[in-house]
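>>> Got a predicted structure here, sequence first:
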Amino acid sequence: MGRRPRMHGAETYHHIYAWGNDRHPVFRQPAHYRKYLFLLAKYAKSFDVSVVAYALMEWHIHLFIYDKLDNISNFIMELHGEYAQYFNRIANRVGHVFGERYNNKVVNVNIYGIWLSRYIHRQAVDAKLVQNPRDYHWTSYRFYLGGERSTFLKPDIILKQFGDRQDMHKNYEGFVLSNNDGPVDWSRRTFTLRVGEDLIELVDREMSIDRSILLHPQGAYERKLRHGAIRTLAMKYGYSGAQIARSLKLSRAAVKKILS
C-alpha cells in the first residue's frame, strides 16, 4: 500500500509528532533538548514557520506550527536531519534517530487549536513525570504563563482566546490544569474531534446549518445544504465516511454516494 500524501498548503496550521527509531530515546540529556530547541528556532526562521507550541519528550516530540509558505516538508527534513547528525555524533551511534515518517495533521486553529495546545502542554503530566506541567522544562507551557519569553514561539493565536493581556495567562493556566479533556478524541492516531453530538455542533457552529437539517432535511434545498456539510466534513476536517454516517444517522452507502 502506498503512503498517504502529506497534508500541506500555504497559511496552514499543523500538529506534527514523531517518535524515536524503534521507540528508542530521542533525547538522553539536557544538552540534547537544548540543541533541538536551538535548531527549531533556526529553521523556523529560515522557513518562515511560526511555532505555536511544543513538547519534547524522551521518546518523541510534538510541534504545533503555522506554515506560512508551504514549507512543512523541507522544514522538518532540515530540522530532524541536522538534529540526527548531532545526536549520532554526540552519542557515538549511527542510523536513524526518528524511526518513521513524521506524522502531521492539519489543524483548524479556531476549533482544535486550544485543545491541541493543552494536549501538548500536558504531555509530561499524562506521562506521570510531573504533577504540574510548569514543572517540566521542555515544553512551551511556561511561556504561556507570561513568566518567560521566547524568540521564536508565537502563542498569541491561542492566548488571545483567553481574554485580555491582563487575564489571559491566568485563564490559560486554569484551562490546562482543569480536568476537562474537551471534544478531541486523543486515543485516535489522527486526532479528530469526537464523533456524534460534537460533530453536529461543529457543523451548526461553523456552517450555520441547524441540526434538524442535518438529521431530517426537508426538500431539495435542505438536502443540498446537508450534502455540502458532508463534503466539508470529509474534505476540510478529515472525517471518514463511516464517522459522518454514524453521526448523521445515515448509511455508509448514502454518504459514499454524496462524497463521490
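Structure received.

>>> what's the distance between the worst-scoring helix or strand of the chain on mean pLDDT and the middle of its chain?
Taking mean pLDDT, DSSP states H and E as the measure, helix 197-207 is the helix or strand of the chain with the lowest mean score, a mean of 72. A distance of 19 Å separates the centroid of the chain from that of helix 197-207, by C-alpha atoms, centre = their mean, to the nearest Å.

>>> for it, packing partners?
helix 211-215, helix 219-235, helix 241-248 (3 or more C-beta pairs under 8 Å, 6 or more residues apart in numbering; DSSP states H and E). To be clear about C-beta, it is placed using only N, CA and C from the backbone, and glycine gets the same treatment.

>>> got the contact list for residue 96?
21, 84 (C-beta atoms under 8 Å, 6 or more residues apart in numbering).

>>> Just to be sure, it is in a strand?
No: read with DSSP: H, G, I helix; E, B strand; the rest coil, residue 96 is coil and lies in no strand.

>>> how far away is it from residue 87?
Residue 96 is 10 Å from residue 87, where distance means C-beta to C-beta, to the nearest Å.

>>> Point out where the chain drops to low pLDDT.
1-10, 22-23, 100-102, 111, 183-198, 206, 236-238 (pLDDT under 70).

>>> neighbours around residue 77, how many?
13 (other C-beta atoms under 10 Å).

>>> returning to what we had before: reformat the helices and strands packed on helix 197-207 into JSON lines and put mean neighbour count and distance to residue 200 next to each item.
Listed next are the helices and strands packed on helix 197-207 as JSON lines, based on neighbours: other C-beta atoms under 10 Å; distance: least, C-beta to C-beta, whole Å:
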{"stretch": "helix 211-215", "mean neighbour count": "15", "distance to residue 200": "5"}
{"stretch": "helix 219-235", "mean neighbour count": "15", "distance to residue 200": "10"}
{"stretch": "helix 241-248", "mean neighbour count": "19", "distance to residue 200": "6"}
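
>>> So which of the ones you listed is nearest residue 156?
helix 219-235 (27.4 Å; C-beta to C-beta).

>>> Residue 52 contacts residue 114, doesn't it?
No: using C-beta atoms under 8 Å, residue 52 is not in contact with residue 114, being 10.5 Å away.

>>> what do the two both touch?
By C-beta under 8 Å, 6+ apart, the residues touching both residue 52 and residue 114 are residue 158.

>>> what about the two, which has more around it?
residue 52 (25 against 20).

>>> That one falls within a strand, correct?
Yes: using three-state DSSP, the assignment for residue 52 is a strand.

>>> What segments of the stretch 1-150 of the chain are strands?
12-19, 49-56, 60-67, 103-107 (DSSP state E, counting those that start in this stretch).

>>> picking up where we left off before, and the angle for the least confident helix or strand of the chain with helix 219-235?
110 degrees (axes from the mean of the first three to the mean of the last three C-alpha atoms, to 10 degrees).

>>> any idea of the angle helix 197-207 forms with helix 241-248?
90 degrees.

>>> Return helix 197-207 as PDB; C-alpha atoms alone will do.
This file holds the C-alpha atoms of helix 197-207, laid out as PDB (Å, rounded to 0.1, in the frame of the first residue of the first chain):
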ATOM      1  CA  GLU A 197     -23.000  15.200  19.200                       C
ATOM      2  CA  ASP A 198     -19.800  17.200  18.900                       C
ATOM      3  CA  LEU A 199     -19.700  16.800  15.100                       C
ATOM      4  CA  ILE A 200     -23.200  18.100  14.800                       C
ATOM      5  CA  GLU A 201     -22.300  21.000  17.000                       C
ATOM      6  CA  LEU A 202     -19.300  21.700  14.800                       C
ATOM      7  CA  VAL A 203     -21.500  21.900  11.700                       C
ATOM      8  CA  ASP A 204     -24.000  24.100  13.500                       C
ATOM      9  CA  ARG A 205     -21.300  26.500  14.700                       C
ATOM     10  CA  GLU A 206     -19.000  26.600  11.700                       C
ATOM     11  CA  MET A 207     -21.500  26.300   8.800                       C
END
